[in-house]
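A.B. asks: what's the 3D shape of this:
(chains A and B)
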Amino acid sequence: MHADAMFQLMLLIFLGILLLCVRPLGTYMADIFDGSPNFSRRVGGRTEALIYRVCGIDSREEMSWKNYALALLLFNVLGALVVYALQRLQYFLPLNPQHFTAVSPDSSFNTAISFITNTNWQAYSGESTMGYLVQMTGLTVQNFLSAATGIAVAIALIRGFARHTVATIGNFWVDLTRSTLYVLLPLSVVLALVLASQGVIQNFDGYKDVTTVEAVTYRNPTSDAHGNPVKDASGAAVTQTATTQTQTLPMGPVASQEAIKELGTNGGGFFNANSAHPYENPTALTNLLEMLAILVIPFALTYTFGKLVGDTRQGWAILAAMLLLFVSLTMVAYYSEQHGNPLLARQGVDQLAGAAQPGGNMEGKEARFGIAASALFAAVTTATSCGAVNSMHDSMTPLGGFVPLFLIQLGELAPGGVGTGLYSVLMFAILGVFIAGLMIGRTPEYIGKKIEALEMKLASIFILTTPFIVLIGTATAVMTIAGKAGVANPGAHGFSEILYAFSSAANNNGSAFGGISSNTPFYNVALGLAMFIARFWPIVSALAIAGSLAAKKRVPVTEGTMPTHGPLFVALLIGSVLLIGVLTYVPALALGPVVEHFMLAAVQ
Amino acid sequence: MFARIVRPAVTLLVVMTALLGIVYPAVITAIAQVAFPRQAAGSLVTRDGKPIGSTLIGQAFSAPKYFWGRPSSTSPQPYNGLASTGSNLGPLNPALMDAVRANSKALRDADPGNAQPIPVDLVTASASGLDPEISVAGARYQAGRIARARGLAPAQIDALIASHELGRTLGFIGEPRVNVLELNLALDQLH
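C.D. replies: All right, here's what the predicted structure looks like:
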């Protein structure tokens, strides 16, 4: 079968499986969050009650949006402190068989923020930095809790629409506990075990040395007595020839972290190469499952939304808009990557896809995934806030690399991260009905609630915070020596690396054009701040909207009400997303991937 | 304030850390070690009773008598298990062209009579730097060189490749490929 047809078949089956999960999982989550009895709550009810008793939580207590936000912020900041402390103290803690020493203060700060904000930007290299205890009790825990935080905010916002004339939007502790206990944990247990069966490692052993079949000879950089690299007069590293027949295999509890890394749309790899590493993603099947795990909760939450506001068509309309954006951009990535790099064709390299090889642009891709499963993964991980990668985005073709960058910049809402995607897309829905309201001269309404000045101000703050941070951050970096020092590739591509870094951090994605050397005080601090502000400022705005909506009366549907479940609304929603995304980022994108695309086309 | 926000925040974080950071990974480890001991421990391969590598982690090969894997960008040596990474070279970066040219030259120099175009995966660096596999085309390209180096009939090498071919999973996901370490161990068995 032709490679393009094979890709289309894979995409169709993939989306088919996903859509089959939307209704059952969406219904399940709706039952969990509106307190309806179901199987899980009967099984886990005792554990849930025990947690509340131990923690002094009154599960019937309702919170105002301000208390909800306060609880959320405090809980997340405490989480960051724990992750920071674990990294700084890891040398003295157990389960660190490689005896890794303390992570630097700026890197620890960056990683702590990165994991509590569901970004999972990684300036460090996992296999040579983090002991198992940090990976488990710091990073894995925040993979769960940051995802649960996102779901909690989405549920609180849904309540804003579903409730009327009340002052409260739910209980943060209860929403967080239920997200974790009934949604994320059971799915993670199942996925972790399936991944382990396929070869994802799961142990507490020290790293294993093996004697390889052949010895390898290489150039080893020389160090002086203090361990600093020796450089010659021109500044190049001095090397000496070395030979080794030993390969050290990294170990660790990977499967348990891998499962929640995808299900929670976190994306922080146990290893530096992330989901490209064979111990994280060993087969084509694990790759498919990881992609499904990334998308399943965000897509299903649209159904949960529809169900909880009493009109499932509202959820399907949002899902349709998400799917259209997702599929069209995925296509661009695939065709661009499969087309390959014209410069390689000149070298007598065979990039034509056939029955025996994937062809295309294989730089930075794994043989088991080829082009199709790499391009799809790149779109999946950036259409959500995941940021796991199974190929190196930095080595993608200009248009291929444009896709993940642009999906991130659109605000990650096709379908977006767990929870974050839904509340982000609802902000654009509010913007969309507002624009439509202006055109027809009526007060805009959405899901039976009048959208007034306060909601519009808050939604605007929500929508504009991220682009502001991305563009100011990128501009600062390209104007400073410290910012430019990290760039790996020359020309327009180097600019793309910086733009991608700030887009990724401020949208809490975490993937990178990985050539950039970001483990420097400048990037650790700048990106750390970007992640923190761009996570919690919008969350507080969304919760404030939830509070305001919950207090409003429900307006009855009349002939003048614009329906928000049909194709017109879907088009309006996509239009709003593209309007903001394109207007904000076109100048920056023109300097990066667009210019690079024309340069490569000129070579041809 | 303290009772409703601070105390739950602290205690819930402690409880969740114990549950998600210790109990959950420990339970998964316990089950995986019993149900999938080989996979959980890293899919190690032994020869003469000694661990010689993992089927999932590639190794560097440069002798003409072995199949060569994907170029690896790990440092300082290729296929360094402690430093997984891709090259992160952009499509227009001159360094990418230099690397592709060097990789092509090495293949051509080792097999001067082979005029076929080189399959792209043999000259481009993998994403992890530890890719254990190459495309079937990449294996077939090297068959002539290996047959000559080992004094075997090319048909024998082709048959070996065919018997080690991994197809698309369920017929539609992933790519046809072969595992380099397994192929090379099988080659050594031929003698």
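A.B. asks: Just list what the lengthiest helix in chain B packs against, helices and strands only.
C.D. replies: Of all segments of type helix in chain B, defined using DSSP state H, the longest is helix B:94-110. Under the contact definition 3 or more Cβ pairs under 8 Å, 6 or more residues apart in numbering or on different chains; DSSP states H and E, helix B:94-110 sits against helix A:342-345, strand B:118-119, helix B:136-150. Placement of C-beta: from N, CA and C, glycine included.
A.B. asks: just the CA coordinates of that helix, formatted as PDB?
C.D. replies: Coordinates of each C-alpha in helix B:94-110 appear next as PDB, following Å, rounded to 0.1, in the frame of the first residue of the first chain:
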ATOM      1  CA  PRO B  94      25.400  22.700   6.900                       C
ATOM      2  CA  ALA B  95      26.400  20.400   9.700                       C
ATOM      3  CA  LEU B  96      23.500  18.100   8.800                       C
ATOM      4  CA  MET B  97      24.900  17.800   5.200                       C
ATOM      5  CA  ASP B  98      28.400  17.200   6.500                       C
ATOM      6  CA  ALA B  99      27.100  14.400   8.700                       C
ATOM      7  CA  VAL B 100      25.000  12.800   5.900                       C
ATOM      8  CA  ARG B 101      28.000  13.000   3.500                       C
ATOM      9  CA  ALA B 102      30.300  11.400   6.100                       C
ATOM     10  CA  ASN B 103      27.800   8.600   6.800                       C
ATOM     11  CA  SER B 104      27.300   8.000   3.100                       C
ATOM     12  CA  LYS B 105      31.000   7.900   2.500                       C
ATOM     13  CA  ALA B 106      31.600   5.400   5.200                       C
ATOM     14  CA  LEU B 107      29.000   3.100   3.700                       C
ATOM     15  CA  ARG B 108      30.300   3.500   0.100                       C
ATOM     16  CA  ASP B 109      33.900   3.100   1.100                       C
ATOM     17  CA  ALA B 110      33.100  -0.200   2.900                       C
END
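A.B. asks: So what touches that helix?
C.D. replies: Residues outside helix B:94-110 that contact it (Cβ atoms under 8 Å, 6 or more residues apart in numbering or on different chains): A:343-344, A:347-349, A:363, A:395, A:490, B:64, B:68, B:71, B:87, B:89-90, B:114, B:118, B:122-125, B:141-142, B:145.
A.B. asks: List only buried entries from these.
C.D. replies: The neighbour count (16 or more other Cβ atoms under 10 Å in any protein chain shown) marks A:343-344, A:347, A:349, A:363, A:395, B:68, B:71, B:87, B:89-90, B:118, B:122-125, B:141-142, B:145 as buried among those.
A.B. asks: mind checking how far the nearest residue to A:Phe271 once chain neighbours are set aside is from A:Glu262?
C.D. replies: Distances taken as Cβ to Cβ, 6 or more residues apart in numbering or on different chains place A:His277 nearest to A:Phe271, at 4.3 Å, with adjacent residues excluded. Using Cβ to Cβ, to the nearest Å, we find A:His277 at a distance of 14 Å from A:Glu262.
A.B. asks: Residue of chain A closest to chain B, please.
C.D. replies: Nearest residue of chain A to chain B: A:Ala284, at 2.4 Å (Cβ to the nearest Cβ).
A.B. asks: Which residues are in contact with that residue?
C.D. replies: A:Arg368, A:Phe369, A:Ala373, B:Arg168, B:Thr169, B:Ile173, B:Gly174, B:Glu175.
A.B. asks: among the residues you listed, which are in strands?
C.D. replies: Judged by DSSP state E, the contacts of A:Ala284 include no members of strands.
A.B. asks: Apart from its chain neighbours, what residue comes closest to the most centrally placed residue in chain B?
C.D. replies: With distances taken as Cα atoms, centre = their mean, B:Pro132 lies nearest the centre of chain B, 1.9 Å away. Once flanking residues are discounted, B:Pro132 sits nearest to B:Gly58: 4.3 Å by Cβ to Cβ, 6+ apart.
A.B. asks: I'd say the one you found and B:Arg70 touch.
C.D. replies: Yes. If you go by Cβ atoms under 8 Å, B:Gly58 and B:Arg70 touch, sitting 6.9 Å apart.
A.B. asks: Show me the common contact partners of the two, please.
C.D. replies: Common neighbours of B:Gly58 and B:Arg70 (Cβ under 8 Å, 6+ apart) are B:Ser126, B:Asp131, B:Glu133.
A.B. asks: For chain A, tell me which of the residues you listed show up nearby.
C.D. replies: Residues of the shared contacts of B:Gly58 and B:Arg70 in contact with chain A (Cβ under 8 Å from any Cβ of the partner chain): B:Ser126, B:Asp131, B:Glu133.
A.B. asks: which one of those has the most neighbours?
C.D. replies: B:Ser126 (35 neighbours; other Cβ atoms under 10 Å in any protein chain shown).
A.B. asks: Return the most buried member of the helices and strands packed on helix B:94-110.
C.D. replies: Most buried of the helices and strands packed on helix B:94-110 by mean neighbour count (mean count of other Cβ atoms under 10 Å in any protein chain shown) is strand B:118-119; its value is a mean of 26.
A.B. asks: got the contacts of A:Ala284 as TSV, with pLDDT and distance to A:Val238 columns?
C.D. replies: Converted to TSV, the contacts of A:Ala284 look like this (pLDDT from 0 to 100; distance: Cβ to Cβ, whole Å):
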residue	pLDDT	distance to A:Val238
A:Arg368	97	38
A:Phe369	97	38
A:Ala373	96	41
B:Arg168	90	47
B:Thr169	86	47
B:Ile173	87	46
B:Gly174	87	43
B:Glu175	93	41
